[in-house]
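what's the 3D shape of this:
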Amino acid sequence: MKKIQVYVGIGSNIDKVKNIRGCLSYLKDFFGEIKISPIYKSKAIGMEGNDFYNLVVRFKTNLGIKAIESKLREIEYHFGRKRDQLPHTPRTLDIDLLLFGNLISEKHNVPRGDITNYSFVLKPLYDIEPDLIHPTAGEKVSILWKKFDKSMQSIQSLESNILDSN
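Model (predicted):
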């Protein structure tokens, strides 16, 4: 069976470094090799709270989409995420399935609309996979980033070694 390429967006605005570092460790332990984008800091959108750290991770898997979704929820819960919390509230860890191969599924919300709506998702995806063709837009991520209105949302690139420090 051919492995599917999966992209997930990761965000945190509570104990950011600890939770993101832990999440990446879990993903690597479970999926093996992962590719990690640079981390970006952005203001909380649609809510009050500390700035978020956001990044995108790519990995390959033989698992189906339901198993992937379940594993991502398990990791969130491990780091204190509660799915019954009010929307638009601070969170320890938010892991969003962005792309599951070329699958287009409303039921599973892939490709996730956040890719083309938020700079803190599109830019890190561009950083690790500029030539990837977006399944519904039909354009390379590099073209989508070039067209994106960067004046709408400010993001700040963080030092690449942020996860190595405390």
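
and the helix ranked longest in the chain, C-alpha only, in PDB?
In the chain, with assignment by DSSP state H, the single longest helix is helix 16-31. Coordinates of each C-alpha in helix 16-31 appear next as PDB, following Å, rounded to 0.1, in the frame of the first residue of the first chain:
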ATOM      1  CA  LYS A  16       3.600  27.100  23.600                       C
ATOM      2  CA  VAL A  17       7.200  25.800  23.400                       C
ATOM      3  CA  LYS A  18       6.500  22.900  25.800                       C
ATOM      4  CA  ASN A  19       3.300  21.800  24.000                       C
ATOM      5  CA  ILE A  20       4.600  22.100  20.500                       C
ATOM      6  CA  ARG A  21       7.900  20.300  21.400                       C
ATOM      7  CA  GLY A  22       5.900  17.500  23.000                       C
ATOM      8  CA  CYS A  23       3.500  17.300  20.000                       C
ATOM      9  CA  LEU A  24       6.400  17.000  17.500                       C
ATOM     10  CA  SER A  25       7.900  14.300  19.600                       C
ATOM     11  CA  TYR A  26       4.600  12.300  19.600                       C
ATOM     12  CA  LEU A  27       4.300  12.800  15.800                       C
ATOM     13  CA  LYS A  28       7.800  11.600  15.200                       C
ATOM     14  CA  ASP A  29       7.500   8.600  17.500                       C
ATOM     15  CA  PHE A  30       4.200   7.600  15.900                       C
ATOM     16  CA  PHE A  31       4.800   8.400  12.200                       C
END
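
what's it in contact with?
8, 10, 12, 34, 36, 39, 50, 52-53, 55, 57, 59-61, 71, 75, 78-80, 92-93, 95, 162-163, 165-166 (Cβ atoms under 8 Å, 6 or more residues apart in numbering). Any C-beta I mention is one placed from the backbone N, CA and C, and that applies to glycine too.

mind giving me the packing neighbours of the helix or strand where residue 97 lies?
In this assignment (DSSP states H and E), residue 97 forms part of strand 94-100. Other elements packing on strand 94-100 under the criterion 3 or more Cβ pairs under 8 Å, 6 or more residues apart in numbering; DSSP states H and E are strand 4-12, helix 65-78, helix 114-117, helix 119-128.

buried residues in the helix or strand residue 144 falls within?
Assigned by DSSP H and E, residue 144 belongs to helix 141-147. For helix 141-147, a neighbour-count test (16 or more other Cβ atoms under 10 Å) marks 141, 143, 144, 145 as buried.
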